[in-house]
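Peer 1: Have a look at this prediction, sequence included:
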Amino acid sequence: MRALRLLGTAFGILMVLMGLLWVGQGLGLVMWPAESFMLAERKWAVNGAGLALAGGVLVWLCRRRMS
């Protein structure tokens, strides 16, 4: 069961990082890759915030149960 919690924590961290990348791209702060359809599109900033929030909740749940 511990391995599943560690996997959930790692997946949650990846979700947070990807969500933050989407927010940066959606707000036009991160202009990489140059041909991305997500650049300066507010929709992707909102989607990224939701993904980062879901990842944070997943990390919190996994870490809370480990203690």
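Peer 2: Arrived safely. The shown structure was predicted, so the numbers you read here are calculated from the model rather than taken from an experiment.
Peer 1: what about the helices in this structure?
Peer 2: 2-26, 42-66 (DSSP state H).
Peer 1: Mean pLDDT added to those, as CSV?
Peer 2: Below are those laid out as CSV (pLDDT from 0 to 100):
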stretch, mean pLDDT
helix 2-26, 96
helix 42-66, 94
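Peer 1: closest one to residue 35 among these?
Peer 2: With CB to CB as the measure, helix 2-26 is the member of these nearest residue 35 (11.9 Å). Quick note: C-beta positions are derived from backbone N, CA and C, even for glycine.
Peer 1: quick one on the thing from earlier: can you convert the helices of the chain into CSV and add a column each for mean neighbour count and distance to residue 34?
Peer 2: Shown next, in CSV, are the helices of the chain (neighbours: other CB atoms under 10 Å; distance: least, CB to CB, whole Å):
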stretch, mean neighbour count, distance to residue 34
helix 2-26, 16, 11
helix 42-66, 15, 15
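Peer 1: Format the ones you listed as CSV; extra columns: distance to residue 36.
Peer 2: Supplementary listing: the helices of the chain in CSV, determined by distance: least, CB to CB, whole Å:
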stretch, distance to residue 36
helix 2-26, 6
helix 42-66, 9
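Peer 1: Mind checking those helices for the one nearest to residue 32?
Peer 2: With CB to CB as the yardstick, what comes closest out of the helices of the chain is helix 2-26 (7.7 Å).
Peer 1: Okay, angle between that closest one and helix 42-66 too, please.
Peer 2: Going by axes from the mean of the first three to the mean of the last three CA atoms, to 10 degrees, helix 2-26 is angled at 160 degrees with respect to helix 42-66.
Peer 1: Can you pull out the residues in contact with helix 2-26?
Peer 2: Helix 2-26 has contacts (CB atoms under 8 Å, 6 or more residues apart in numbering) with 29-32, 36, 38-59, 61-63, 65-66.
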